[in-house]
Structure formats: C-alpha cells, structure tokens
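J.: Next comes the sequence, and after it the predicted model I'd like to discuss.
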Amino acid sequence: MSNTRKAAAKTSATDRMRAARAQAERSDRIRRRVVVGGASAAVLALVAGVAFAVGGSSGSADAAASGPLVVPANTGGQDGTVITYGRADAPHTLEIYEDFRCPYCEQLETTTGKAVQQLADDGTYKIEYHLATFLDKNLGGKGSRTALAAAGAALNEGVDKFKQFHDVLYANQPDERTDGFGDVNHLLDLAGQVPGLKTDGFVKAVQDGTYAPWAAKVNEEFDKSDVTGTPTVKLDGKKLDVLTGGKAATPEQFTAMVKQVTG
C-alpha cells in the first residue's frame with residue numbers, strides 16, 4: 001500500500017474513532033437529560049421545600065397489578081385499603097399519607113417517627129396509614145408499588161410486623177431516582193431486619209407479587225383523597241404542619257401540635 005493510501009486509511013480510522021466518541025458523548029448527554037427530566041418533580045420539590053406533589057395514578061396500570069385482588073389480613077376501612085396502628089378505641093385519629101419513595105416522608109419518619117409511634121402506643125391516637133405509589137409515575141420505575149405490595153405481605157403477618165417493616169424501609173430508603181425498592185430480593189433482605197417476618201408465606205407473597213393488585217387499589221383510594229403532596233399528616237381532620245422549609249418537625253414540635261389539637 002502506498003504511503004498516500006496508508007495516510008488516508010489512518011485518517012479515515014481516526015475520523016471513525018472521533019465520530020464514535022462524539023456519538024457516545026451525545027448519548028451520555030441524552031441519558032443525563034432523561035434522568036434529570038425524570039427527577040424534575042423531585043428537584044422542584046427540593047427547591048420549594050414542600051411536600052412531594054402528587055402527579056397521578058400509577059399502580060393500576062402495572063401488569064403485575066392485574067391479577068386477582070387479595071386483601072391482606074389486618075386491613076381497615078370499608079375496602080381494606082387503610083392500615084391502622086394503635087388502639088382501636090383511641091379518642092383521636094392521626095392520618096398519615098406517604099409514598100415509600102418520597103424523601104420527605106423518609107425525613108419525617110426518621111426524624112419524628114418514634115414520637116409519632118409513642119403517642120399511638122400511649123393511646124393518645126391511633127394511626128391510619130394511607131399509602132401511595134405516584135412517584136413511580138413521576139420518576140419512573142416500580143419501587144413504590146413493589147414496596148407497598150411487600151408491606152401488604154408484612155401486614156398479613158401482623159400490624160406490628162407491618163409497622164416494623166415500614167420503619168425499616170424508611171431507614172433504608174434509596175435515592176428516589178434509583179428505584180432500589182423495585183428489586184424484591186432487596187426488599188426481602190431488608191425484611192430480614194424484622195424478627196420473625198420472613199415466614200415462608202411472606203417470602204412467597206413478596207416474590208409472587210400477591211398483594212400487587214391490593215397495592216394498586218390502595219393507591220386508587222389515595223388518589224380519591226384531597227391530599228396533594230406527601231407527607232401529609234392530619235389529626236382529627238386538621239392538617240398538621242409537619243414539614244416547613246424542607247425540614248421535618250422535631251419530636252418536640254410534633255408533640256406540641258398534637259397537644260394543641262387534642263387539648
């Protein structure tokens with residue numbers, strides 16, 4: 001091959017390498033824009049310092065949620081979509097609206113959760129959990145509804161098991177954009193932190209998605225509420241200001257709010 005042809009071939013190969021590198025860089029930029037775009041709701045919420053805005057239904061459209069509806073034991077409400085923790089005859093009711101992928105819900109639970117539970121254990125109120133899966137739609141993935149279905153399996157084992165698993169999920173919440181809760185094996189690993197939870201029935205229910213249709217129904221009921229963001233907390237119907245400027249109320253602040261309502 002002549003020197004001229006060799007030089008031309010070398011130039012052509014170099015051009016191809018440059019084109020491939022440029023294409024890879026363009027693809028990476030597009031990927032980053034998709035990730036950022038999918039997380040735009042999260043960014044806006046963080047900047048505004050407000051609860052995560054509800055963006056619409058998600059769970060009912062999932063193929064796994066199209067199977068037969070199996071309602072876990074220990075549910076409440078007319079249609080089995082409410083989870084109640086505490087004494088049934090407590091004089092007051094604390095309603096908590098959450099999504100397992102919501103970082104502000106995690107902040108509230110890990111900052112003030114023990115105080116919230118203590119007042120329920122003391123009989124001041126009972127807690128009614130209203131759970132949602134809207135962040136799967138807002139951010140993509142299936143972590144919210146997969147975690148909720150697993151929480152249904154925990155509830156079937158007992159209300160205390162649900163509460164402990166609920167707390168473990170928030171204590172180990174992944175970045176909401178990674179969809180870490182979409183992996184049932186990861187959820188089963190976390191369930192190992194709750195003594196006595198990982199029965200054969202629980203493991204099978206999580207692996208099979210037994211309560212995925214129930215999770216979709218729970219989300220549908222959430223969508224029917226007047227709640228526009230998570231976390232939302234109401235005591236006897238009165239909304240409590242548990243999140244101000246992007247910061248969760250302290251245990252002392254929360255207790256004071258409860259006393260103001262209950263007298």
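T.: Yep, that arrived. Numbers count the residues shown, from 1 in each chain.
J.: Does residue 249 touch residue 258 like I think?
T.: No - under the criterion of C-beta atoms under 8 Å, residue 249 makes no contact with residue 258, lying 10.4 Å away. C-beta coordinates here come from the backbone N, C-alpha and C atoms, glycine included.
J.: Next, show the common contact partners of these two.
T.: Residues touching both residue 249 and residue 258 (C-beta atoms under 8 Å, 6 or more residues apart in numbering) are residue 240.
J.: residue nearest the centroid of the protein?
T.: Centrality entry for the chain: nearest residue to the mean C-alpha point is residue 100, 1.9 Å, by C-alpha atoms, centre = their mean.
J.: Contacts only, for that one.
T.: Here residue 100 is in contact with 131, 143-144, 147-148, 151, 169-170, 173, 181 (C-beta under 8 Å, 6+ apart).
J.: One more: residue 211?
T.: Residues in contact with residue 211 (C-beta under 8 Å, 6+ apart) are 70, 72, 148-150, 152-153, 156, 205.
J.: make it 7 Å
T.: 70, 72, 149, 152-153, 205 (C-beta atoms under 7 Å, 6 or more residues apart in numbering).
J.: Tell me the one of those residues nearest residue 87?
T.: Relative to residue 87, the closest of the contacts of residue 211 is residue 72; by C-beta to C-beta it sits at 20.3 Å.
J.: Which residue ranges of the protein form strands?
T.: 52-53, 83-85, 93-99, 126-132, 229-230, 232-235, 238-240, 243-244, 247-248 (DSSP state E).
J.: Mind putting the ones you listed into a markdown table with mean pLDDT?
T.: Output for the strands of the chain, formatted as a markdown table (pLDDT from 0 to 100):
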| stretch | mean pLDDT |
| --- | --- |
| strand 52-53 | 66 |
| strand 83-85 | 98 |
| strand 93-99 | 98 |
| strand 126-132 | 98 |
| strand 229-230 | 94 |
| strand 232-235 | 98 |
| strand 238-240 | 98 |
| strand 243-244 | 92 |
| strand 247-248 | 96 |
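J.: Adding mean neighbour count and distance to residue 120, write those strands out as JSON lines.
T.: Below are the strands of the chain laid out as JSON lines (neighbours: other C-beta atoms under 10 Å; distance: least, C-beta to C-beta, whole Å):
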{"stretch": "strand 52-53", "mean neighbour count": "22", "distance to residue 120": "24"}
{"stretch": "strand 83-85", "mean neighbour count": "21", "distance to residue 120": "6"}
{"stretch": "strand 93-99", "mean neighbour count": "23", "distance to residue 120": "7"}
{"stretch": "strand 126-132", "mean neighbour count": "22", "distance to residue 120": "5"}
{"stretch": "strand 229-230", "mean neighbour count": "24", "distance to residue 120": "19"}
{"stretch": "strand 232-235", "mean neighbour count": "22", "distance to residue 120": "12"}
{"stretch": "strand 238-240", "mean neighbour count": "14", "distance to residue 120": "14"}
{"stretch": "strand 243-244", "mean neighbour count": "17", "distance to residue 120": "20"}
{"stretch": "strand 247-248", "mean neighbour count": "18", "distance to residue 120": "18"}
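J.: now the ones you listed as JSON lines including distance to residue 215?
T.: Below are the strands of the chain laid out as JSON lines (distance: least, C-beta to C-beta, whole Å):
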{"stretch": "strand 52-53", "distance to residue 215": "18"}
{"stretch": "strand 83-85", "distance to residue 215": "12"}
{"stretch": "strand 93-99", "distance to residue 215": "11"}
{"stretch": "strand 126-132", "distance to residue 215": "8"}
{"stretch": "strand 229-230", "distance to residue 215": "15"}
{"stretch": "strand 232-235", "distance to residue 215": "19"}
{"stretch": "strand 238-240", "distance to residue 215": "25"}
{"stretch": "strand 243-244", "distance to residue 215": "24"}
{"stretch": "strand 247-248", "distance to residue 215": "25"}
